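**Student:** Next one to model:
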Amino acid sequence: MPSDTPPVLLTSPRLNLALLPPDGAARVLAYHEANRDHLGPVSPARPDNFFTVTWWRSRLAQDAEDWRRGLALRLFLLPRESPLSSAPVLGSVSLTDIRRGPLQSCELGFGLDHRAQGQGLMSEAVRAICDYAFGLLGIHRIQANHLPENHRSAAVLRRLGFLEEGLARELVLIDGRWRDHVLTALLAPRPPAK
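**Tutor:** Numbering: from 1, shown residues only. Here you go, the predicted structure:
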């Protein structure tokens, strides 16, 4: 494997999903700056230095360590037609709070550039990471939560087979208010009966 290949690289028809190294910080920052108004209202509070290359270099190094320790997998969506080393970041998809033992579960998170919405890219990315979770990672249950008014995220999850399980009251602190979230989950496909 060439040294410039990310430690985790998933592909879908139009996307590369990559665990980016710290030198990808400027590209990740550009994505977040372009989507500040789009993602801000649905995101928890961010540190004061969130919109700096320094913060993102540190965050990407931590992402690699979290993956190495089996705690989380945070990937960035890159267009397949662009070289990995310079492709613009179109979004992110992550598996966090990976729990082993009798649970074999994790939390799914995702975000997409406002300019890339409506093209099916998020469904493509979420399908790829779920296949990876259920396959190589051996995860049994993937949980995903969204704000009740976030109809786009709800549609992606529904399209991919996530089922609504309830409402978590005041689950996440966003913009100074505790916000309710719709709870959904997807279970690993069962092997066919013999």
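
**Student:** residue ranges with poor pLDDT in the protein?
**Tutor:** For the chain, residues meeting the criterion pLDDT under 70 lie at 1-5, 192-193.

**Student:** Could I get the full set of strands for it?
**Tutor:** Counting by DSSP state E, the chain has strands at residues 9-11, 15-18, 73-79, 91-99, 105-112, 141-146, 163-174, 177-187.

**Student:** closest to Arg36 out of those?
**Tutor:** strand 105-112 (11.9 Å; C-beta to C-beta). No exception for glycine: its C-beta is placed from N, CA and C like everyone else's.

**Student:** Tell me which strands that closest one pairs with, and in which orientation.
**Tutor:** strand 91-99 (antiparallel), strand 141-146 (parallel) (DSSP bridges).

**Student:** Any buried residues in the last one, and which?
**Tutor:** For strand 141-146, burial by neighbour count (16 or more other C-beta atoms under 10 Å) applies to 142, 144-146.

**Student:** Let me have these in JSON lines, adding distance to Gly109 as columns.
**Tutor:** Shown next, in JSON lines, are the buried residues of strand 141-146 (distance: C-beta to C-beta, whole Å):
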{"residue": "Ile142", "distance to Gly109": "11"}
{"residue": "Ala144", "distance to Gly109": "7"}
{"residue": "Asn145", "distance to Gly109": "9"}
{"residue": "His146", "distance to Gly109": "10"}
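
**Student:** which of those residues sit farthest apart?
**Tutor:** Most distant of those, by C-beta to C-beta, are Ile142 and His146, 13.5 Å apart.

**Student:** Closest to Phe51 out of the buried residues of strand 141-146?
**Tutor:** Nearest member of those to Phe51, counting by C-beta to C-beta, is His146, at 24.1 Å.

**Student:** what's the nearest residue to the closest one if we skip its chain neighbours?
**Tutor:** The shortest distance from His146 to any non-neighbouring residue, by C-beta to C-beta, 6 or more residues apart in numbering, is to Ser153 (4.1 Å).

**Student:** Quick check: the one you found touching Asn145?
**Tutor:** No. Taking contacts as C-beta atoms under 8 Å, Ser153 lies outside contact range of Asn145: 9.2 Å.
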